[in-house]
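Trainee: Next one to model:
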Amino acid sequence: MLILHHQITYTKITMKTIKLFLLSIMIACPALVAEARQPDTSQTYTPWTKGALETNRYRNLFVEMGYSKKQVDAKLKEVFNDVFYGPHKVYFEVGDSLGYITDIKNHDVRTEGMSYGMMIAVQFNRKDIFDRIWRWSKKYMQHQDGPREGYFAWSCKTDGTRNSEGSASDGELYFITSLIFASNRWGDDTGINYRKEAQRILTCAFSKDGQEGVMPLINKDNYLITFTPDKFGSRFTDPSYHIPAFYEVWSRWAYDGRTDFWRQAATAAREYLHKVVDDKTGLNPDMSNYDGTAMNFNRFGGNNFRYDSWRVPANIALDYQWSCTDREWQQKYGEKIQNFFYSQGLDKFVDQYHTDGTLPSQEEILPAGDYPKALRHSIGLLATTASASLMCSHSISKEFVDALWNARHEPSPDGYFDAYYDGLLRLFQFMQLSGNYRVILPEAAGREPKLDQYFSPVSRQAANPDNDGFIRRWLLLEPINKPNRGNTVFTDTYLRDAFGKEYFKNQMTMLPKDGSTVKVDNQKLTWHALDSKLFHVKLFRFASGFNKQVYGVLFWTVTIIDCAEDIPNVRLAAGSNSASMWWVNGKEALLLSGDRRMVKDDGMSPRITLHKGRNIVRGAVINGPGMSDFCVRFIDEQGMPVKNFTINNK
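Mentor: Below is the predicted model:
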């Protein structure tokens, strides 16, 4: 019995030792535990190869992965309500016209959360929420004069008292973009001139010259956003502030005269992200030098991946979904960062790391609010890593999406709960993965206006010029794909080469019929006979109305002028967005080169004669990014519009 007792005791001790040993491995090496989990490789999902700025289409990854549209809509509404109306809401209304979003755990109102709230509100078409937040921001946070004019105090108490006069650059970034979208969606005549407010921030930011230590929002030498626009924070940057998709929006619709600068800023942001991301893990630091290298003056974790850094996967996924300009690198990045977090355990990975994937020391851990220092598995980081699935084709991308769908936003075992940051990031990623975080186009209520707002089918009767002589009846060819990232290339030489190329047979002599087609490379394009309801022909709306490409395009147009007698010494007067060339009876009449906005009578031809009988007017309009349109009329020697002719399409 004694021997048996010793054997049993020895066995228990041995088993206990083994269990403790295995447990120590699990704690020290979570990657080993995760590796035991085998991903489901039965199905993969193919990332799209064109962005919404080109296609005006958005991917609903939840639906692709098996959730019904009804389920997704209900879930999105639920998550929205959690942030704005639920028991743990972070949005509060003040009086009849103000509202704010508060970081409850830090007991303040931040430009980060306020500008996030505005972006969410405009995406959900909630003008009431948007206007309340903007009024509070302008009243309490924005500097109305002095060296900081136009900038915002980054932190206030909930009564509006400022905790700090300085700015955090990401707040301005979101304020500007959300205001542009508000202008595009609701117009500027409903009590707030949204675009003017956005332009004011941009103009003020651009005018800063270091006076009293206040610097530009964007470093003008390298086109990269500052950490804070002051003497200290302008020396470095924050990777999570780099959102090239926003600069693409500014370049198109800020209308601040800095189109090329914002395009360069978008390119610079993408190049910077390539440098700052770790090659093996995909992780990035919270802060870095402008060249992407680690900062040497931050000893306690600024070079680590932590709260700010969570946003980078979502920002890159947003640029992929909207622009898709950096597709190859972004796809590799998406899979790299998901592979890292998957290796840590999909339901176990923590919220702070060194960029090489090792865990930070206790000294380096950044606390959150009043809670004790700890590493936690946070739903905000789960959400942003799930958004990377938009860029991924590997099988585990669905596991991240499913994990986000099934995750409960509730207190962690130590009582920690973040309704603000976790809640907002969770909402943003449900928007993004469901295709509801969109580029809001001008004059659009979240979707393209119908074609009949701008055009009507031609009647059998001949048309006349309008009261100002503008020609509104045209045969328009669906757009030819002609990629151009910018319009500065539209020199005379470039345009003569572009317009001189034969894209389809008899393009300079044919008189197309309504509904006839031509083939350009692999495109089958249709001619449409239409009467424009405006004096300027909205080619952008023509293209979008037929679900065609709207950017990086070349349009061909033809109309027939019938004259009862010769009309000598007239000039063809035209305006276009962007460049264009016009021919009358087969001869070049006018070339409008450069990056242009449509202005009537922007250019005039030499004197020509409209002959008795039939005259053929032919045009070509080219655009990269921008709202393509044109207007054409004839002007006599006194500068008056010529109107004594009729217009036909046959």
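
Trainee: Would you mark the buried spots in stretch 362-377?
Mentor: 364-366, 368, 374, 376-377 (16 or more other CB atoms under 10 Å). Where C-beta positions appear, they are placed from N, C-alpha and C, glycine not excepted.

Trainee: again, but for stretch 105-124
Mentor: Applying 16+ other CB under 10 Å to stretch 105-124 flags 105-106, 108-124 as buried.

Trainee: Could you give the number of residues near the residue lying closest to Thr203 once chain neighbours are set aside?
Mentor: Distances taken as CB to CB, 6 or more residues apart in numbering place Asp256 nearest to Thr203, at 6.8 Å, with adjacent residues excluded. Close neighbours of Asp256, defined as other CB atoms under 10 Å, add up to 20.

Trainee: in a helix, that's where Asp256 is, yeah?
Mentor: No. Checked against DSSP: H, G, I helix; E, B strand; the rest coil, Asp256 lies outside a helix; its state is coil.

Trainee: right, and it touches Cys204 too?
Mentor: No. In this structure, Asp256 is not within contact of Cys204 by CB atoms under 8 Å, at 11.2 Å.

Trainee: Measure how far the helix or strand harbouring Trp582 is from the centre of its chain, please.
Mentor: Using DSSP states H and E, Trp582 sits in strand 579-584. In terms of CA atoms, centre = their mean, to the nearest Å, the centre of strand 579-584 is found 33 Å from the chain centre.

Trainee: Over to stretch 344-355?
Mentor: Worked out by CA atoms, centre = their mean, stretch 344-355 lies 28 Å from the chain centre.

Trainee: list the contacts for Phe499?
Mentor: 581, 620, 622 (CB atoms under 8 Å, 6 or more residues apart in numbering).

Trainee: looking at this, it is in a helix?
Mentor: Yes. Using three-state DSSP, the secondary structure at Phe499 is a helix.

Trainee: what about it, distance to Leu346?
Mentor: For Phe499, the distance to Leu346 equals 55 Å [CB to CB, to the nearest Å].

Trainee: what about the one residue sitting closest to the centre of the chain, helix or strand, and which?
Mentor: The chain has Ala245 as the residue nearest its centroid, 3.8 Å off, counting by CA atoms, centre = their mean. Per DSSP H and E: Ala245 is located in helix 244-253.

Trainee: residues making contact with that helix?
Mentor: Contacts of helix 244-253 (CB under 8 Å, 6+ apart): 53, 173-174, 176-177, 180-181, 183-184, 195, 202, 256, 258-260, 262-263, 265-267, 269-270, 315, 318-319, 321-323, 325-326, 439, 442, 625-627.

Trainee: got it, and stretch 216-225?
Mentor: 151, 169-170, 172-173, 205-206, 208, 226, 229, 234, 237-238, 241-242, 261, 264-265, 267-269, 272, 290.

Trainee: And the pLDDT for the residue nearest to Thr203?
Mentor: In this model, Asp256 is scored at 82, pLDDT.

Trainee: buried sites along stretch 43-51?
Mentor: 45, 47-48, 51.

Trainee: Adding distance to Asn284, secondary structure and pLDDT as columns, could you present these in JSON lines?
Mentor: Below are those laid out as JSON lines (distance: CB to CB, whole Å; DSSP: H, G, I helix; E, B strand; the rest coil; pLDDT from 0 to 100):
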{"residue": "Tyr45", "distance to Asn284": "25", "secondary structure": "coil", "pLDDT": "88"}
{"residue": "Pro47", "distance to Asn284": "21", "secondary structure": "coil", "pLDDT": "96"}
{"residue": "Trp48", "distance to Asn284": "24", "secondary structure": "coil", "pLDDT": "96"}
{"residue": "Gly51", "distance to Asn284": "22", "secondary structure": "coil", "pLDDT": "95"}
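
Trainee: Helix or strand: which one has the closest residue to Ser97 other than its chain neighbours?
Mentor: Distances taken as CB to CB, 6+ apart place Arg135 nearest to Ser97, at 5.6 Å, with adjacent residues excluded. Element membership for Arg135, per DSSP H and E: helix 127-136.

Trainee: That helix: what's the following helix or strand?
Mentor: Past helix 127-136, the next helix or strand by DSSP H and E is strand 155-156.

Trainee: other SSEs contacting that next one?
Mentor: strand 108-110, strand 162-164 (3 or more CB pairs under 8 Å, 6 or more residues apart in numbering; DSSP states H and E).

Trainee: Out of the ones you listed, flag the one nearest Lys505.
Mentor: strand 108-110 (61.0 Å; CB to CB).

Trainee: quick one: Leu525 is in a helix?
Mentor: No. The assignment for Leu525 by three-state DSSP gives strand, which leaves it out of any helix.

Trainee: if I look at it, how far off is Ser395?
Mentor: On the measure of CB to CB, Leu525 and Ser395 end up 39 Å apart.

Trainee: Tell me which of those two has more neighbours.
Mentor: Leu525 (20 against 14).

Trainee: Please name the nearest non-neighbouring residue to the more buried one.
Mentor: Nearest to Leu525 is Glu478, by CB to CB, 6+ apart, at 4.2 Å.

Trainee: now Arg148
Mentor: Val214 (5.5 Å).

Trainee: Run through the bridge partners of that neighbour.
Mentor: Beta bridges link Val214 to Asp230, judged by DSSP bridges.

Trainee: Next: Asp531.
Mentor: Bridge pairing for Asp531 - DSSP bridges - gives Ser456, Arg473.

Trainee: so it makes contact with Ala462?
Mentor: No. Judged on CB under 8 Å, Asp531 makes no contact with Ala462 at a distance of 11.4 Å.

Trainee: For the stretch 251-400 of the chain, which segments count as helices?
Mentor: 259-276, 311-322, 327-343, 379-387, 397-406 (DSSP state H, counting those that start in this stretch).

Trainee: List just the one of those that sits closest to Leu359.
Mentor: helix 327-343 (13.0 Å).

Trainee: For burial, what's the neighbour tally of the residue nearest to Ser97?
Mentor: 18.

Trainee: Equivalent analysis for Phe130, please.
Mentor: Count around Phe130 with other CB under 10 Å applied: 27.
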